[in-house]
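# whatever this is, show me its structure:
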Amino acid sequence: MEKNSRIFVAGHRGMVGSAIVRRLVAEGYEHLILRTSGQLDLRNQAAVDDFFKHEKPEYVFLSAAKVGGIHANNVYRGEFLYDNLMIESNVIHAAHQYGVKKLLFLGSSCIYPKMAPQPLKEESLLTGLLEPTNEPYAIAKIAGIKLCEAYRDQYGSNFISAMPTNLYGPNDNYDLNNSHVLPAFIRKFHDAKENGLDHVEVWGTGSPMREFLHVDDLADACYFLMMNYNEKLFVNVGTGEDLTIKALAEMVQEVVGFKGELRWNTSKPDGTPRKLMDVSRLHNMGWKHRIALREGITAVYEEFKSMNLEHVRMK
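Okay, here's the model as predicted:
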């Protein structure tokens, strides 16, 4: 990519897209093409086609998606499958139709089989059954990977895919009905602290293990891949380190300063037992994450307090 290249960041107001924009701006890129969902509905094929025809982006970061935690994935199954299939199909096809030089598709670690060997290697895709609670989202993301591969095979398109682990960072979603586990913990413990509660209910047993990557590290990895990677196989992006949900809860509790008790509601689902990414391919290319988990959570909580405190109190 040249500094004056026309670059479309799809989903630029989301957590991932906004981090990619910050990274590109920091590098001095001058022609970012950005549209809100109100300005451009990526589920609408005609609208996407018209956008690519007139804007002629040369590079595309496809980070737009309908996302959520266990609850949202499990309840809004049709929406998660349909919306994500339409977004990725329309953007990838238009990128091919209008001669985009390179596209990076962002997936998710949930693409892997529930019982795949740990740590998760790229080659484990489609070797077993998916975790039922987020199967529709996972199937949509797998379809996006395969669409990029198919367009590369048939048309020679330089479309690559990156699969990030669990993410957190600026512009995260703190709605308790559809947020991911880390921001949900921040919100729960903050509310409990502000309201003087003596305990917080936490879903599951606390035994599943998860890996967490700061979204600014993901954006850095995406930029690295866009500049350096041109192969068919998708790339895992993570830290290569994990911890139990219980340990995560205790870490967030300490950062927030909530002094009460954690009560585990074991009637709620745990999800996949473990999701640790094998990031050896990315490490061997020369990229590694920089932001340690406690450091990242501390920074995110400071931002949460300054930007959302009044909103949280109104809830």
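# gap between the two ends of stretch 278-290?
Terminal residues of stretch 278-290 lie 17 Å apart, using C-alpha to C-alpha, to the nearest Å.
# outside of it itself, list whatever touches it.
Stretch 278-290 has contacts (C-beta atoms under 8 Å, 6 or more residues apart in numbering) with 119-122, 213-214, 217, 220-221, 224, 228-229, 235-240. The C-beta positions use only the backbone N, C-alpha and C, and glycine is treated the same way.
# okay, and residue 49 sits in which element?
Assigned by DSSP states H and E, residue 49 belongs to helix 45-55.
# one step back: so which of the contacts of stretch 278-290 belong to helices?
Secondary structure defined by DSSP state H assigns 217, 220, 221, 224, 228 of the contacts of stretch 278-290 to helices.
# residues contacting the last one?
Shown here is residue 228, whose contacts under the criterion C-beta under 8 Å, 6+ apart are residue 285.
# switch to 10 Å and redo it
285, 286, 287 (C-beta atoms under 10 Å, 6 or more residues apart in numbering).
# and the next helix or strand past the helix holding residue 49?
Scanning forward in sequence from helix 45-55 by DSSP H and E, the next helix or strand is strand 59-62.
# helix, strand or coil for residue 79?
Here residue 79 is recorded as helix under DSSP: H, G, I helix; E, B strand; the rest coil.
# element containing the nearest residue to it once chain neighbours are set aside?
Nearest non-adjacent residue to residue 79, counting by C-beta to C-beta, 6 or more residues apart in numbering: residue 66, 6.4 Å away. Using DSSP H and E, residue 66 maps to neither a helix nor a strand.
# hmm, residue 80 and residue 66 touching each other?
Yes - proximity of residue 66 to residue 80 meets the contact threshold set by C-beta atoms under 10 Å, at 5.7 Å.
# how far does the lowest-mean-pLDDT helix or strand in the chain sit from the chain's center?
Lowest mean confidence among the helices and strands of the chain (mean pLDDT, DSSP states H and E): helix 70-75, at a mean of 75. Its chain's C-alpha centre and that of helix 70-75 lie 16 Å apart, by C-alpha atoms, centre = their mean, to the nearest Å.
# and that helix, what's buried?
For helix 70-75, a neighbour-count test (16 or more other C-beta atoms under 10 Å) marks 70, 71, 72, 73, 74 as buried.
# tell me the phi and psi of the residue nearest the centre of the chain?
Note on the chain: the residue nearest the mean C-alpha position is residue 167, at 5.6 Å, using C-alpha atoms, centre = their mean. Note on residue 167: its backbone torsions stand at phi -110, psi 160 [degrees, to the nearest 10].
# next one: it from residue 84, what distance?
Distance from residue 167 to residue 84, counting by C-beta to C-beta, to the nearest Å: 16 Å.
# can you check residue 162 too?
The gap separating residue 162 from residue 84 is 16 Å, by C-beta to C-beta.
# repeat that for residue 64.
Using C-beta to C-beta, residue 64 is found at 9 Å from residue 84.
# joint contacts of the two?
Here residue 64 and residue 84 have 42, 43 as joint contacts, going by C-beta under 10 Å, 6+ apart.
# so what sits opposite the residue nearest to the centre of the chain in the bridge?
For residue 167, the beta-bridge partners under DSSP bridges are residue 213.
# that one reaches residue 108, doesn't it?
Yes - with contact defined as C-beta under 10 Å, residue 167 counts as touching residue 108 (9.1 Å).
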